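Engineer: Pasting the sequence and the predicted coordinates here, then a few questions.
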Amino acid sequence: MTTRIRKVAVLGAGVMGSGIAAHLANSGVRALLLDIVPPKAAPGEDTASKAFRNKFVLGALANLRKQKPSPITSEASLGAIEIGNLEDDIARIGECDWVVEVVKEDLAVKQALFAKVEPHLRADAIVSSNTSGLSIQGMLEGRGAAFRQRFLVTHFFNPVRYMRLLELVAGPETAPEVVQTIARFGEEVLGKGIVHGKDTTNFIANRIGTYGMMRILQDMQKAELSIEEVDKIFGPAMGRPKSAVFRTADIVGLDTFSHVAKNCYDTLSHDEERDVFAAPDFLKKMVEKGLLGDKSGGGFYKKDRASGGKDILALDLKTLEYRQQAKVRYESLGAAKDVENVRERVATVMRGQDKAAKFAERATLDSLAYASRRIPEIADDVVNVDRAMRWGFGWDLGPFETWDAFGVKQGVERMKELGLKPAAWVEEMLAAGRASFYGVEGGKDTYWDIPTKSVKLVPENARTARVEYLRRGNKKIAGNDSATLWDMNDGVTLLEFHTKMNSIDDGIIEMMNTALDETEKNFRGLVVGNDGANFSAGANILAMLWAAKSGEFDTLRKMAGALQAANQRMRYSPVPVVTAPFNLALGGGAEVSLGGNAMQASAETYMGLVEVGVGLIPGGGGTMMLLRNIMGNYSADKDFDPFPFIKKTFLNIGTAKVATSAEEAREMGFLTASDGISANRDFLLSDAKQRVLGMANAGFRAPRPSRFRLPGPSGFATIDMMLYDMELNGQVSAHDRKIARKLARVLTGGDTSPSVLLTEEKLLELELEAFLSLCGEEKTQDRLQFMLEKGKPLRN
């Protein structure tokens, strides 16, 4: 049996199939994407041509380029996808280590395809289906013993790039090594969260998630709640995504959602809650009328044409007519708004006394009781159920984690008062003296194992690393209100930011220097990273605005100069420094990321120097550091024209461009060719630590500072002419041009000439002066104020 997957055949080029092929390509794995030959030809089409016979796959590739959010991390990823059709190219699956079927959810169609595939499979290849509901036994009818041993379900969630869940379901004859190989590949190469389910209708996530949504749909009208009220309740206040219930249904598609629910109703004759899966009348009527959600231009919500799409209308479920949304205000939701800890936030809502709280409590406890009764039917333990809901539906807490937050005993008591029935094993656990589903013992996460009635360690990959584990192990070295330095063991330290949005402030800069003091004295290297929602969303705008409006320009100079100095100190420290950005790494966050000797970025990193959005240019060294990255070894070379490098840097900063992946960040110049990318966020800190150790073990030596041969006034004039034309044509405002001129002066070296080599310190000095002068501009201060109040840029 193959243990290394290098090439994968994806059979079916619909939304899911093309998404799977794209994510394989994102991950550096070659994909062969095949679909059927079109059954009909348009007038004039040559049915013998490859363009016609591969038409469906070619269309899928075109769609991948257009989809938003993009399923690809870089346009270059598509080069790893080979195309064909299921008639001419079926034999090519023999080149592949894994064949995944992603065709129509029709048992006869899948059986026919597997019969066609079987003769061409390589003897050691793995084969799987992406089905979300069909039984393994049915799909394998007529297949040979070798095929059955190599077969499993690999259920990806859409959109494949962004949804972390990959449900694996083995058949009765599936070889254990097949499951192990795909689980390891999915987790370590594709960056997925692996959940092991059973061969039951809709497996784990869709079974529990659909039940919860259908229960809400059935009960909300009795509670006299509107769709916007329900979504406000079951959004972030309850640890759920902003899309909550009805927006999620619109994204999925109401036809798809109805199909999943109907599949449950039709096949789950043994389920005591089967009737919950029966679609309410309003849902049936919506599907009949073609109100299918985003795909049809309207579902539970739609954009208001009268406002140019700025306003979102909501559906009145009684009349099925759209109306303006009403403001949703409940005391319980207001009380939870500022509670950062998600466990406390959920408990705050559920323990409230108003209508929203009572509905949240009843609907949630109902779902929790249902989830408890589905073990061991759909999964063997609470861990797989919770992970399925977190990774597949974007919940912050899974059902049993939510129950722990509310209190297990209290939950059981309230369920009984409400006429709900938890599984017997929950009360057995309480009777055994275990008060929660999860706990911590010896610094490790534990859970209650139902079959053995004992406590077990939560399984996780050895590469998983979290700040929380260091906290439990009393590994703190130093810290303040903004950041903490931890001992990661093996001679490596970790600098963790923990301000709001991890914005850069004086406390973080102070701890950057403390981290270097400690590490240079007693350790081998430093990692800069954290467990937050974002690496760092930038500098503290409020502090900058206050200082600017107060005329405290010395304060601003010290703050920006200190960040420049700290970043430079990281770069030229005698010990290796590796930064580990993920999610948002903007402005000051991007500057800190650029400040290390190497980067180990999460695949989903959104990086950019976006200061022009608040009327500034980078002030913490970002201008020089990005130019240094882009010019590389040629910054001082007189045989190279610096202007193309300057232009690329200028456009990145001047347009506030944000990379939409780590791969795109590399293409923009933030990452270098030698920097690393971690597919799985759980492994990021561990991977960064290993990079530090590798550099230290290889005899790390700090790099020499760069020198820059820049054009000076002549280069500035070239850029300014372009800006003049843009202002004349109304493409930029006068203030936009002023900001861009300041940026251009820094990047072209100020009053220099190509015969002079400029130091990094000179460019930092130019950057700091430009930054401070813009801070004094009234229109820049207006932009800072607007960003604080509205959360978006002002173009004044």
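Structural biologist: That came through, no problem.

Engineer: Helices of the stretch 51-200 of the chain, residue ranges please.
Structural biologist: 55-66, 107-117, 136-139, 145-149, 176-188 (DSSP state H, counting those that start in this stretch).

Engineer: and these as JSON lines, adding mean neighbour count and mean pLDDT?
Structural biologist: (Each C-beta comes from the backbone N, C-alpha and C, glycine too.) Listed next are the helices of the stretch 51-200 of the chain as JSON lines, based on neighbours: other C-beta atoms under 10 Å; pLDDT from 0 to 100:
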{"stretch": "helix 55-66", "mean neighbour count": "17", "mean pLDDT": "96"}
{"stretch": "helix 107-117", "mean neighbour count": "16", "mean pLDDT": "97"}
{"stretch": "helix 136-139", "mean neighbour count": "16", "mean pLDDT": "94"}
{"stretch": "helix 145-149", "mean neighbour count": "14", "mean pLDDT": "97"}
{"stretch": "helix 176-188", "mean neighbour count": "18", "mean pLDDT": "98"}
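
Engineer: nearest to residue 83, of these?
Structural biologist: The minimum distance between residue 83 and the helices of the stretch 51-200 of the chain falls on helix 55-66, with 4.4 Å, by C-beta to C-beta.

Engineer: Touching, residue 60 and residue 20? I think so.
Structural biologist: No. Taking C-beta atoms under 8 Å as the definition, residue 60 is not a contact partner of residue 20, at 11.0 Å.

Engineer: which stretches of the stretch 301-450 of the chain form helices?
Structural biologist: Using DSSP H, counting those that start in this stretch, helices in the stretch 301-450 of the chain cover 331-336, 342-350, 355-373, 382-393, 399-406, 408-417, 424-431.

Engineer: Give the other helices and strands that the last one contacts.
Structural biologist: In terms of contacts (3 or more C-beta pairs under 8 Å, 6 or more residues apart in numbering; DSSP states H and E), helix 424-431 is packed against helix 408-417.

Engineer: Any buried residues in the helix it packs on, and which?
Structural biologist: For helix 408-417, a neighbour-count test (16 or more other C-beta atoms under 10 Å) marks 408, 411-412, 414-415 as buried.

Engineer: got it, and stretch 629-648?
Structural biologist: Buried residues in stretch 629-648 (16+ other C-beta under 10 Å): 629-631, 635, 642-643, 645-648.

Engineer: Kindly report the same for stretch 571-584.
Structural biologist: Neighbour count says stretch 571-584 has 571, 573, 575-584 buried, by 16+ other C-beta under 10 Å.

Engineer: Redo these as CSV? Include pLDDT and distance to residue 265.
Structural biologist: Converted to CSV, the buried residues of stretch 571-584 look like this (pLDDT from 0 to 100; distance: C-beta to C-beta, whole Å):
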residue, pLDDT, distance to residue 265
571, 98, 61
573, 98, 63
575, 98, 62
576, 98, 58
577, 98, 57
578, 98, 52
579, 98, 51
580, 98, 46
581, 98, 46
582, 98, 41
583, 98, 38
584, 98, 41
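
Engineer: Take the residues you listed and keep only those in strands.
Structural biologist: Residues of the buried residues of stretch 571-584 located in strands (DSSP state E): 577-579, 583-584.

Engineer: of all those, which comes closest to residue 92?
Structural biologist: Closest to residue 92, out of all of those and judged by C-beta to C-beta, is residue 583, at 38.0 Å.

Engineer: I'd assumed residue 771 was in contact with residue 619.
Structural biologist: Yes. In this structure, residue 619 is within contact of residue 771 by C-beta under 8 Å, at 3.5 Å.

Engineer: shared neighbours of these two, which are they?
Structural biologist: residue 560 (C-beta atoms under 8 Å, 6 or more residues apart in numbering).

Engineer: Of the two, which one has the most company?
Structural biologist: Neighbours were counted for residue 619 and for residue 771 using other C-beta atoms under 10 Å; residue 619 has more, 28 against 25.

Engineer: still on that earlier bit, for residue 496, find the nearest of the helices of the stretch 51-200 of the chain.
Structural biologist: That would be helix 176-188 among those, by C-beta to C-beta, at 24.3 Å.

Engineer: Does anything pack onto that closest one? Which helices or strands?
Structural biologist: So helix 176-188, by 3+ C-beta pairs under 8 Å, 6+ apart, packs with strand 126-129, strand 151-156, strand 165-170, strand 193-196.

Engineer: Same list, those strands, but as CSV with distance to residue 609 please.
Structural biologist: Formatted as CSV, these follow (distance: least, C-beta to C-beta, whole Å):
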stretch, distance to residue 609
strand 126-129, 43
strand 151-156, 34
strand 165-170, 33
strand 193-196, 32
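
Engineer: closest one to residue 753 among these?
Structural biologist: Of all those, strand 193-196 comes closest under C-beta to C-beta, at 55.8 Å.

Engineer: Kindly export stretch 683-696 (C-alpha atoms) in CSV.
Structural biologist: The C-alpha coordinates for stretch 683-696 follow below in CSV (Å, rounded to 0.1, in the frame of the first residue of the first chain):
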residue,chain,number,x,y,z
PHE,A,683,2.0,23.0,13.6
LEU,A,684,3.1,26.6,13.0
LEU,A,685,4.9,27.3,16.3
SER,A,686,6.5,23.8,16.2
ASP,A,687,7.6,24.3,12.6
ALA,A,688,9.0,27.7,13.5
LYS,A,689,10.9,26.2,16.4
GLN,A,690,12.4,23.5,14.2
ARG,A,691,13.5,26.2,11.7
VAL,A,692,15.3,28.1,14.6
LEU,A,693,17.0,24.9,15.7
GLY,A,694,18.0,24.1,12.1
MET,A,695,19.6,27.5,11.7
ALA,A,696,21.3,27.3,15.0
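
Engineer: Next, the buried residues of it.
Structural biologist: Quick answer for stretch 683-696 (16+ other C-beta under 10 Å): 683-693, 695-696.

Engineer: now those residues in CSV, with secondary structure?
Structural biologist: Listed next are these as CSV, based on DSSP: H, G, I helix; E, B strand; the rest coil:
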residue, secondary structure
683, helix
684, helix
685, helix
686, helix
687, helix
688, helix
689, helix
690, helix
691, helix
692, helix
693, helix
695, helix
696, helix
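
Engineer: Spatially nearest residue to residue 458 (excluding sequence neighbours)?
Structural biologist: residue 445 (4.1 Å; C-beta to C-beta, 6 or more residues apart in numbering).

Engineer: ok, the one you found - contacts?
Structural biologist: 438-439, 457-458, 460.

Engineer: By neighbours, which of the residues you listed wins?
Structural biologist: Neighbour max across the contacts of residue 445 (other C-beta under 10 Å) = residue 438, 19 neighbours.

Engineer: Looking at the helices of the stretch 51-200 of the chain, which is nearest to residue 226?
Structural biologist: Of those, nearest to residue 226 by C-beta to C-beta is helix 55-66, at 34.2 Å.

Engineer: Contacts for the closest one next, please.
Structural biologist: 13-14, 17-18, 22, 33-36, 38, 51, 70-72, 75, 78, 81, 83-85.

Engineer: May I have the phi/psi pair for residue 526?
Structural biologist: With angles defined as degrees, to the nearest 10, residue 526 sits at phi -130, psi 140.
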